[in-house]
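Fold the following for me, if possible:
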Amino acid sequence: IHTGESIVVAPSQTLSNREYNMLRTTAINVIKHFGIVGECNIQYAVNPYSKEYYIIEVNARLSRSSALASKASGYPLAYVAAKLSLGIPLSKISNSVTGVTTACFEPSLDYCVVKIPRWDLSKFIRVSTKIGSSMKSVGEVMAIGRKFEEAFQKALRMVDENVTGFDPYLKEVNDDELKEPTDKRMFVLAAALKAGYTIDKLYELTKIDSWFLQKMKNIIDYQNILEMIDQQHLTRDDLLKAKQIGFSDKQIASCVKSTELAIRKHREEFGLMPFIKQIDTVAAEWPATTNYLYVTYNAIDHDLTFSEPHIMVLGSGVYRIGSSVEFDWCAVGCLRELRKLGKKTIMVNYNPETVSTDYDMSDRLYFEEISFEVVMDIYTIENPNGIIISMGGQLP
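The predicted structure follows:
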C-alpha cells in the first residue's frame with residue numbers, strides 16, 4: 001500500500017527495539033552511501049516474523065512524509081536541511097522550534113500522532129474503492145493525543161466531519177471488505193468488533209497488528225458500556241474515561257440517547273474540561289518552548305498560561321475536492337495581516353500539508369479538530385478577543 005494511502009502512527013508502536021535500531025542503522029548507511037546532505041525519508045516493508053525487510057523507496061527530498069514527520073515531531077526539517085546545504089554543521093544549528101536545543105537532538109515524543117488520509121472516491125462513478133500501490137487520497141489529517149485511542153478517534157472525525165468517531169454503525173460486517181483494504185475498511189472493522197469478532201480472527205482477515213486491533217476493541221468495548229447507561233446515571237468517571245479514549249460529546253450523546261449540548265452541559269457541571277499540552281520534542285528532558293499545542297483529557301494541568309489577549313483564526317481542515325490550498329492561503333494572509341496590526345494570533349487547524357500549521361505562522365498553533373466542541377473548549381480556555389471563521393472555506 002502506498003505511503004500516502006496508509007494510516008501512520010508515530011512513534012512506531014509495534015516495532016521491537018531491535019527492529020527499530022536495525023532500520024535506523026540501515027537508513028544512516030543508505031544516506032552515507034548516496035552522499036545525501038539535508039533531508040531524506042525512507043519507506044520500509046518489514047516482515048513481523050523475521051528480520052527480513054525491504055526498502056520500498058528512498059526520498060532524498062521534502063515530501064508529504066517529511067512534512068508529516070516535521071509537524072508530528074516538532075523538528076523543523078526543511079529549516080535544518082536548508083542550513084545543512086549551506087555547509088553549517090548540525091551542532092551549530094539551533095532548533096528553531098524549541099529555541100533551546102541544537103538540531104543534533106533526535107525528537108523523542110511523549111504523545112501519540114495518527115495520520116489518516118482522506119479519499120473522495122464517492123465523487124467518481126467508475127473508480128475502485130480498493131487502495132493499493134497507486135495514490136488516490138486527496139488530503140490527510142494529523143491528530144495528537146496521549147493515547148492511541150484518543151488520537152485515532154480524533155483523526156477519524158477530522159477526515160470526515162459527519163463521522164463521530166470509531167463508529168460501528170456506519171458499515172455492515174463483510175469478510176471480503178476486511179481482507180481487501182478500502183477507504184472505509186476502518187468502519188467495517190468497527191462493525192466486526194461490535195459483532196463479536198475476536199482479535200485473532202480479525203488479524204487473520206486484515207493482517208493489521210493485534211496491538212492496534214486491541215486498542216480498537218477497547219473503544220468498542222467502552223461504547224458497549226456507555227450504551228447501557230442513560231444520561232441521568234452518567235457519572236463523572238464514566239465521562240472522564242470516555243473522553244480519555246477519544247469520545248466526543250456528540251458520540252457519547254448518541255450512546256446514551258441524548259444531545260451534544262446536553263452532554264456538554266453535563267460535562268461542564270462536573271468541571272470536566274480538557275487540558276492544553278505543548279508538543280514536546282525532547283520528552284521533558286529539556287524545557288519546551290513550542291507553540292505547537294493539542295487538547296487532551298489525559299493530563300492534570302495546562303502547559304502554559306492564558307493571560308494575553310489573542311485573536312483566533314479557524315483553518316480550512318483537510319484538503320478535499322473543491323476545498324484545498326486556496327483557503328489555507330486565505331488563513332495565512334489573515335494571520336500575517338493580524339501580526340502586522342500587532343495582534344497575537346491563535347490558529348486552529350489539523351492539516352500537516354499546510355502553511356498555516358507552520359510553527360512560525362501564528363503565536364499559538366492548535367493541532368485540533370475544527371468542531372463545535374473543540375473550538376468552544378479552546379475559546380473558553382483562551383478567552384480570545386475575537387474569532388475569525390470566514391477564512392477556512394466550507395468547513396468552519
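
For burial, what's the neighbour tally of the nearest residue to R264 once chain neighbours are set aside?
Sequence neighbours aside, D249 is the residue nearest to R264 in space, at 5.0 Å (criterion: CB to CB, 6 or more residues apart in numbering). For the C-beta atoms, the positions are set from N, CA and C on the backbone; glycine is no exception. D249 has 27 neighbouring residues, counting by other CB atoms under 10 Å.

Pretty sure D249 sits against S371.
No. With contact defined as CB atoms under 8 Å, D249 does not count as touching S371 (9.2 Å).

Now for this protein, the helix or strand with the poorest mean pLDDT.
Ranking every helix and strand in the chain by mean pLDDT, DSSP states H and E puts helix 64-73 at the bottom, with a mean of 87.

outside of that helix, which residues touch it?
With contact meaning CB atoms under 8 Å, 6 or more residues apart in numbering, helix 64-73 is reached by 3-4, 8, 10, 39, 41, 43, 59, 75-78, 107, 109, 113, 115, 140, 142, 144, 281, 352-353, 357, 367.

Tell me which residues touch R339, please.
R339 touches T345, counting by CB under 8 Å, 6+ apart.

How far off centre is the strand or helix carrying it?
Using DSSP states H and E, R339 sits in helix 325-340. Here helix 325-340 is found 22 Å from its chain centre; the criterion is CA atoms, centre = their mean, to the nearest Å.

which stretch of helix or strand covers the residue positioned nearest the centre of the chain?
For the chain, A143 is the residue whose C-alpha lies nearest the centre (CA atoms, centre = their mean; 1.7 Å). Element membership for A143, per DSSP H and E: strand 139-145.

With V9 instead?
Secondary structure (DSSP H and E) places V9 in strand 8-10.

One more: E204?
E204 is part of helix 199-206, with elements assigned from DSSP H and E.

quick one, strands of the stretch 201-350 of the chain?
275-278, 292-296, 311-314, 345-349 (DSSP state E, counting those that start in this stretch).

swap in the stretch 1-150 of the chain?
Under the criterion DSSP E, counting those that start in this stretch, the stretch 1-150 of the chain contains strands at 8-10, 41-46, 53-59, 112-118, 139-145.

Take those strands and lay them out in JSON lines including mean pLDDT.
Below are the strands of the stretch 1-150 of the chain laid out as JSON lines (pLDDT from 0 to 100):
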{"stretch": "strand 8-10", "mean pLDDT": "92"}
{"stretch": "strand 41-46", "mean pLDDT": "91"}
{"stretch": "strand 53-59", "mean pLDDT": "92"}
{"stretch": "strand 112-118", "mean pLDDT": "95"}
{"stretch": "strand 139-145", "mean pLDDT": "95"}
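
got the ones you listed as CSV, with distance to M361 columns?
Compiled in CSV, the strands of the stretch 1-150 of the chain are given as follows (distance: least, CB to CB, whole Å):
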stretch, distance to M361
strand 8-10, 22
strand 41-46, 23
strand 53-59, 25
strand 112-118, 19
strand 139-145, 16
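
ok, back up a step: and the angle from the helix holding R339 to strand 139-145?
Interaxial angle, helix 325-340 versus strand 139-145 (axes from the mean of the first three to the mean of the last three CA atoms, to 10 degrees): 50 degrees.

Next, the angle from helix 325-340 to strand 345-349.
160 degrees.

which parts of helix 325-340 are buried?
F327, D328, C330, A331, V332, C334, L335, L338 (16 or more other CB atoms under 10 Å).

in this protein, which segments are predicted with low confidence?
97-99, 282-289 (pLDDT under 70).

Export stretch 321-331 to PDB, keeping only CA atoms.
Taking C-alpha atoms only, stretch 321-331 is exported to PDB below (Å, rounded to 0.1, in the frame of the first residue of the first chain):
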ATOM      1  CA  ILE A 321     -12.000  18.000  -3.900                       C
ATOM      2  CA  GLY A 322     -13.400  21.600  -4.000                       C
ATOM      3  CA  SER A 323     -11.600  22.900  -1.000                       C
ATOM      4  CA  SER A 324      -7.900  23.000  -1.000                       C
ATOM      5  CA  VAL A 325      -4.800  25.200  -0.600                       C
ATOM      6  CA  GLU A 326      -6.500  28.400  -1.700                       C
ATOM      7  CA  PHE A 327      -8.400  28.500   1.600                       C
ATOM      8  CA  ASP A 328      -5.300  27.800   3.600                       C
ATOM      9  CA  TRP A 329      -3.700  30.800   1.800                       C
ATOM     10  CA  CYS A 330      -6.600  33.000   2.900                       C
ATOM     11  CA  ALA A 331      -6.000  31.900   6.500                       C
END
